[in-house]
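> any chance you can model this:
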Amino acid sequence: MNARLMAACTICALALAAFCMSPQISAQPGGGGARGIFSSLKVGQMVEYRNDAWGSPVLTTYEDEETRVLMRHKVREIGADYVALEFEDREGTGAVVESRISAYRLSILAHVGKTTRKPTKSVPAAGDPLSDKPTDKSTKPGTKPGTTPKKKT
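Presented below is the predicted three-dimensional model:
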């Protein structure tokens, strides 16, 4: 009995020593200021918070002035595996909502930079089947564009 107890204590001591001396993994909160997936965010920064088609949270930041109005949530706190956001409904009820999002639940964390070209109006291509506008005025109804009718003899 004494030998069995000694073997069990030795195994437990070895397991405890291996656990204590093992390096930290990403799921374990660490020191050193590394914030993992949220390292690109700063406290006080504005972000857009929405859900994707499967209900998973999506955080997006923008640089363009036209799209900055979409960022209505403020980063309040950043942890090793979560981010806390604050939303103040200034236009509606005036309520303040604070939510905490887990890094394991987050679907996308995206940053959209500035665009260098101006948006242009899209012009439908010639012969576009989805366009309602006629592409060739010489084409009569019931004929294919770009073909010549057969000569009658």
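> what's the neighbour count on residue 105?
If you count neighbours by other Cβ atoms under 10 Å, residue 105 ends up with 11. Heads up, the C-betas are built off the backbone N, CA and C, glycines and all.
> any stretches of this structure with poor pLDDT?
Along the chain, the parts satisfying pLDDT under 70 run over 1, 23-35, 116-149, 153.
> 90 instead, please
Applying pLDDT under 90 to the chain picks out residues 1-9, 12-41, 52-56, 62-72, 79-81, 88-97, 102-153.
> all helices of it, in order?
For the chain, the helices defined by DSSP state H cover 2-21.
> now the strands for it?
46-51, 57-62, 73-78, 82-88, 96-102, 108-112 (DSSP state E).
> looking at those, which is buried most?
Greatest average neighbour count among these goes to strand 57-62 (a mean of 19), per mean count of other Cβ atoms under 10 Å.
> helices or strands next to it in the packing?
Packing partners of strand 57-62 (3 or more Cβ pairs under 8 Å, 6 or more residues apart in numbering; DSSP states H and E): strand 46-51, strand 108-112.
> could those be laid out in CSV, adding distance to residue 91?
Output for these, formatted as CSV (distance: least, Cβ to Cβ, whole Å):
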stretch, distance to residue 91
strand 46-51, 16
strand 108-112, 24
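> nearest to residue 87, out of those?
With Cβ to Cβ as the measure, strand 46-51 is the member of the helices and strands packed on strand 57-62 nearest residue 87 (7.4 Å).
> neighbouring strands of that closest one in the sheet, and parallel or not?
Applying DSSP bridges, strand 46-51 is found paired with strand 57-62 (antiparallel), strand 73-78 (antiparallel).
> export it to CSV, keeping only CA atoms.
In CSV, the C-alpha atoms belonging to strand 46-51 read as follows (Å, rounded to 0.1, in the frame of the first residue of the first chain):
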residue,chain,number,x,y,z
MET,A,46,-14.2,54.0,-32.8
VAL,A,47,-15.2,50.7,-34.6
GLU,A,48,-18.2,49.4,-36.5
TYR,A,49,-19.8,46.4,-34.7
ARG,A,50,-22.2,44.2,-36.6
ASN,A,51,-23.1,40.5,-37.0
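> sorry, back to before: of the helices and strands packed on strand 57-62, which is nearest residue 10?
strand 108-112 (45.9 Å).
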